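Colleague: Compute the structure for the input listed below.
(one chain, ligands or ions: 1)
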Amino acid sequence: MAVNKKEEKLCPVAKKCGGCRYLDVPYDEQLRKKQKQTEKLLGRYGKVKAIIGMENPKHYRNKVHAVFDFDKRTGMVSGIYQEGTHQVVPVEECLIENLEADHIIQSIRRLAKSFKYKAYDEDTGYGLLRHVLIRTGYHSGEIMVVLVLASPILPSKNNFVKELCKLHPEITTIVVNVNDKKTSMVLGEKQQVIYGKGYIEDSLCEKLFKISPKSFYQVNPVQTEKLYGQAVAYAELTGKESVIDAYCGIGTIGIAASDKAAKVIGVELNPDAVRDAVVNARKNGIKNIDFYQNDAGKFMLQLAEAKESVDVVFMDPPRSGSSEAFLDAVIALKPSRVVYISCNPETMARDLQYLLQKEKKYKVEELTPVDMFPFTECVEVCGLIRLQKEKRQEHGNRKDGNRRERNTGNRNRGKRNTK
Ligand code: SAH
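Modeller: Just a heads-up that it's a prediction; the model follows:
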């Protein structure tokens, strides 16, 4: 990424990181660019409303990740991979990350030195500390530290916990995750809670959520409330609807909508997230929601085969978008409204193209971009796709209705006659 002097001052690692492509762009201008980008990619499908921006667009990320690396001079650095490489670029503070989390990472690095923990070396496989992942609760203030190690033992574990919590009493839980594979994935399979309850809780849309180390949770809590608010408004729920929350993660959208629906079914692939979702429903005293661990496409096809009646589908797939199997099942189930939430307008455009082409009765009514990722090029979009009532069928129904009336009339007359 090409950066100028001003950008280098705003962030010394801007060039190597490449995350904040709008680093030097005034926030209003960032929003205008994202509006245009959404219109360009999705405008042909439906009306694009004004983007929902942030009041304070800095330090919004509630999840912070750093990778450790050996450094000849200081012993250890922590930071990010240089764009497109496995070179670690040291980071002290980041414009978009939660600052408390950044400070905790600095402390872990300093403590690691005194505890003689070595950074893991990808080439030789030598060393212990691989990554650290920090999750912060925006409303609750709870903080979870996940230390990713190359082997299961953290020497002098209790002392380390004591020292770290002394420096940062705001930490509520620490988890050791073991990743002993040669992989670019951050988290490994096994984990052990070494302090606190092993997860954090946070509230969102007036509901409480349990968030485990491996579950997906939106990274911008302020904007997530606005995004979900828009998604639930698009669903036009009256309390009678049967609703699907597809790609539901820990159940956030379905739980936020459950008060206004008759029944909600959530489906999600990640078993940890599904377990969290079940706990979250219980925690909030919600009885009209069920969660299933499955591929969303396969699950929807099963519902379609069982001829389930579905009124509203929320779909919030990962960046790669949805699948044709999923969209085919939507067409078979014929919900009145589909609320599509996307973190990648390109795959959303592809999916809309497929859906609208295959079922002409679906029309995109409105699209609202939401700025979930200030300073980056990414934009989130929430769209309402509505099943149009078919004019001919309506006409036909009216005819049928008339016929029925006539028949009723005849029957009545007949009945009357027979009386
Ligand atoms: N709606 C949630 C999660 C959205 S992220 C929220 O707002 O927090 C997308 C989710 O889709 C992730 O939790 C991911 O695990 C899940 N996912 C990815 N592929 C999937 C698939 N094929 N079927 C079901 N869920 C999937």
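Colleague: Does Gly141 belong to a helix, a strand or coil?
Modeller: Gly141 falls in the coil class when you classify it by DSSP: H, G, I helix; E, B strand; the rest coil.
Colleague: right, and it touches Ile171 too?
Modeller: No: distance between Gly141 and Ile171: 10.7 Å, which falls outside the contact criterion (CB atoms under 8 Å). (Glycine included, C-beta is placed from N, CA and C.)
Colleague: what about Phe299, which SS state?
Modeller: Secondary structure state of Phe299, per three-state DSSP, is helix.
Colleague: Tell me how many other residues crowd it.
Modeller: Counted by other CB atoms under 10 Å, the residues lying close to Phe299 total 22.
Colleague: what do you get for Ile200?
Modeller: Neighbour tally, Ile200, other CB under 10 Å: 23.
Colleague: That one and the ligand, how far apart?
Modeller: Counting by CB to the nearest ligand atom, to the nearest Å, the gap between Ile200 and the ligand amounts to 15 Å.
Colleague: same deal with Lys118?
Modeller: Distance of Lys118 to the ligand, computed by CB to the nearest ligand atom: 33 Å.
Colleague: Look up phi and psi at the nearest residue to that residue once chain neighbours are set aside.
Modeller: For Lys118, the nearest residue in space outside its immediate sequence neighbours is Gly127; the separation is 4.1 Å by CB to CB, 6 or more residues apart in numbering. Torsion angles at Gly127 (phi, psi; degrees, to the nearest 10) stand at phi 110, psi 170.
Colleague: surely Gly127 meets Ala112?
Modeller: No: counting by CB under 8 Å, Gly127 stays clear of Ala112, with 10.5 Å between them.
Colleague: Next, show the common contact partners of those two.
Modeller: Listed as contacting both Gly127 and Ala112 by CB atoms under 8 Å, 6 or more residues apart in numbering are Ala119.
Colleague: Can you show me the helices along the stretch 101-250 of the chain?
Modeller: Counting by DSSP state H, counting those that start in this stretch, the stretch 101-250 of the chain has these helices, from start to end: 157-167, 221-235.
Colleague: what's the first one packed up against?
Modeller: Spelled out, it's helix 157-167. helix 99-114, strand 171-178, strand 190-195 (3 or more CB pairs under 8 Å, 6 or more residues apart in numbering; DSSP states H and E).
Colleague: What strands flank the last one, and is each parallel or antiparallel?
Modeller: Read it as strand 190-195. Strand 190-195 has the following strand partners under DSSP bridges: strand 171-178 (antiparallel).
Colleague: Enumerate the positions of the partner strand that are buried.
Modeller: For strand 171-178, the neighbour count (16 or more other CB atoms under 10 Å) marks 171-178 as buried.
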